[in-house]
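Trainee: Structure here, sequence nowhere to be found:
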């Protein structure tokens, strides 16, 4: 495997280091996904509370706070909808565009070691046969 450096510094060690970086990012991605799930769960709870508050609108009318309730509900509902959209987009982009791509790259990197080893073995065999034929 002495010819690995012929390929711009790509060696088993380089591939291993790249793979480790990919695995580190995958672990960080898992933390992000946990956070997104937690945020999504929180937003569902906010929705439920808003619905429950809206169901008790009469109580707020009795205490003359129905205007405060309506302002709160409008702000909360709009903010929750925006955050839900962002959470969905971040989750989708993170998984489809980032994490899966890194997983595929990692697999390709490891496959490349075997391909390079096979190539060098064929080159060595060819060179040995050439030198034997020249003698």
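Mentor: Great, that's in hand. Predicted model only: the values in this text are computed from it and were never measured. Numbers count the residues shown, from 1 in each chain.

Trainee: Return the helix or strand in this protein with minimum mean pLDDT.
Mentor: helix 57-62 (a mean of 79; mean pLDDT, DSSP states H and E).

Trainee: Next SSE downstream of that helix?
Mentor: Using DSSP states H and E, the helix or strand that directly follows helix 57-62 along the chain is helix 66-93.

Trainee: Which positions in that following helix come out as buried?
Mentor: Within helix 66-93, the residues scored as buried using 16 or more other CB atoms under 10 Å are 69, 73, 80, 84, 87, 91. Every C-beta, even on glycine, is put in place using the N, C-alpha and C of the backbone.

Trainee: Out of those, flag the one nearest to residue 45.
Mentor: residue 80 (10.0 Å; CB to CB).

Trainee: wait, doesn't that closest one sit right on residue 43?
Mentor: Yes - between residue 80 and residue 43 there is a contact under CB atoms under 8 Å: 5.4 Å.

Trainee: Mind giving me the packing neighbours of the biggest helix by length in the chain?
Mentor: Secondary structure of the chain per DSSP state H: the longest helix is helix 12-55. Judged by 3 or more CB pairs under 8 Å, 6 or more residues apart in numbering; DSSP states H and E, helix 12-55 is in contact with helix 66-93, helix 100-134.

Trainee: counting contacts, what elements does the first one pack onto?
Mentor: When you say that, I think you mean helix 66-93. helix 12-55, helix 57-62.

Trainee: where does the chain dip in pLDDT?
Mentor: 1-10, 94-96, 135 (pLDDT under 70).

Trainee: what's the distance between stretch 23-34 and the middle of its chain?
Mentor: When distances are taken as CA atoms, centre = their mean, to the nearest Å, stretch 23-34 is centred 7 Å away from the chain's centroid.
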